[in-house]
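Participant: Here is the input, now give the coordinates:
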Amino acid sequence: MYFVKIYVTYKDSVLDPQGEAVKGAVHRLGFEEIEEIRIGKYFELKVEKRDHSIEETIEEVCDRLLANVNMETYRYEIVTAEEV
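Facilitator: I've put the predicted structure just below:
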């Protein structure tokens, strides 16, 4: 069994309106030193061991469902269940 953590965020070239709104609120609270806030998505998956590559499976799921590859980028961490 694998435990996978997936982080999805907008690409640097894409405006993050939700992040900008939060940054504005943070500034109104007096935290002017905060220069940028980016909002993203986080997923946790438990994946059963199979004969094919876990990396290929995760990348296909991300490309086809979890991330809009035109606007977003993703990264992931894979650990075995024994390491959790």
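Participant: where exactly do the helices run in the protein?
Facilitator: 17-28, 54-61 (DSSP state H).
Participant: any idea which of these is most buried?
Facilitator: Across the helices of the chain, averaging neighbours per residue (mean count of other C-beta atoms under 10 Å) puts helix 54-61 on top, at a mean of 14. Glycine gets a C-beta too; all of them are placed from N, C-alpha and C.
Participant: Now mean pLDDT and distance to Ile6 too, for the helices of the chain, in TSV please.
Facilitator: Formatted as TSV, these follow (pLDDT from 0 to 100; distance: least, C-beta to C-beta, whole Å):
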stretch	mean pLDDT	distance to Ile6
helix 17-28	97	19
helix 54-61	96	7
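Participant: of all the ones you listed, which lies closest to Tyr7?
Facilitator: Nearest of the helices of the chain to Tyr7, taken as C-beta to C-beta: helix 54-61 at 12.0 Å.
Participant: Bridging across strands, which residues link to the closest residue to Glu55 other than its chain neighbours?
Facilitator: Distances taken as C-beta to C-beta, 6 or more residues apart in numbering place Ile78 nearest to Glu55, at 7.4 Å, with adjacent residues excluded. Bridge pairing for Ile78 (DSSP bridges) gives the partners Val4.
Participant: In contact with Ile78, which residues?
Facilitator: Contact analysis of Ile78 by C-beta atoms under 8 Å, 6 or more residues apart in numbering lists 2-4, 54-55, 58.
Participant: Save the helices of the chain as TSV, and put in distance to Ile34 too.
Facilitator: Below are these laid out as TSV (distance: least, C-beta to C-beta, whole Å):
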stretch	distance to Ile34
helix 17-28	5
helix 54-61	32
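Participant: shaky segments in the chain?
Facilitator: 82-84 (pLDDT under 70).
Participant: Looking at it, which residue reaches furthest from the middle?
Facilitator: What lies farthest from the middle of the chain is Gly30; by C-alpha atoms, centre = their mean that is 28.1 Å.
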